[in-house]
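Visitor: Pasting the sequence and the predicted coordinates here, then a few questions.
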Amino acid sequence: MEELLLTVAKGLVEDKDAVRVSVDEPGEEGIVVYHLAVAEDDMGRVIGKQGRIAKAIRVVMRAAAVREGVKVMVEIG
């Protein structure tokens, strides 16, 4: 899952070395939280107009999570 998020994010940004993903362990609800960090200049590329790209990233991650039987949430910042 982490590799999927890294691959998607690196495909969107210019500064690929600045892409970082950290993972929180599942909480009480069993949700795994992925934190995506990119360079300040690339933030708009990852969020997109009206958050459309960010929403698409979250949809892809949720779809992949269903296949693994887990719940995920992606935070971008």
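Guide: Sure, I can see it.
Visitor: Near Ala39, how many other residues are there?
Guide: 16 (other CB atoms under 10 Å). Backbone N, C-alpha and C define where each C-beta goes, glycine included.
Visitor: no no, Leu5
Guide: Summarising burial for Leu5: neighbours were counted as other CB under 10 Å, giving 21.
Visitor: helix/strand/coil for it?
Guide: With DSSP: H, G, I helix; E, B strand; the rest coil as the basis, Leu5 sits in helix.
Visitor: hey, where'd the strands end up in this structure?
Guide: Using DSSP state E, the strands of the chain run over residues 20-24, 31-37, 71-76.
Visitor: export the ones you listed to CSV and tack on mean pLDDT, mean neighbour count and distance to Arg45?
Guide: Formatted as CSV, the strands of the chain follow (pLDDT from 0 to 100; neighbours: other CB atoms under 10 Å; distance: least, CB to CB, whole Å):
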stretch, mean pLDDT, mean neighbour count, distance to Arg45
strand 20-24, 96, 13, 15
strand 31-37, 96, 17, 12
strand 71-76, 95, 17, 11
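Visitor: Ok, which of these comes nearest Gly48?
Guide: Closest of these to Gly48 is strand 71-76, at 10.4 Å (criterion: CB to CB).
Visitor: Kindly list the longest helix within this protein.
Guide: The longest helix of the chain (DSSP state H) is helix 52-68.
Visitor: buried residues in it?
Guide: Residues of helix 52-68 classed as buried by neighbour count (16 or more other CB atoms under 10 Å): 53-54, 57-58, 61, 65.
Visitor: And the residues you listed, which is closest to Val19?
Guide: Nearest to Val19 among the buried residues of helix 52-68: Ile57, at 12.2 Å, using CB to CB.
Visitor: Surely the closest one touches Val8?
Guide: Yes: if you go by CB atoms under 8 Å, Ile57 and Val8 touch, sitting 5.9 Å apart.
Visitor: what's the overlap in contacts for the two?
Guide: Residues touching both Ile57 and Val8 by CB atoms under 8 Å, 6 or more residues apart in numbering: none at all.
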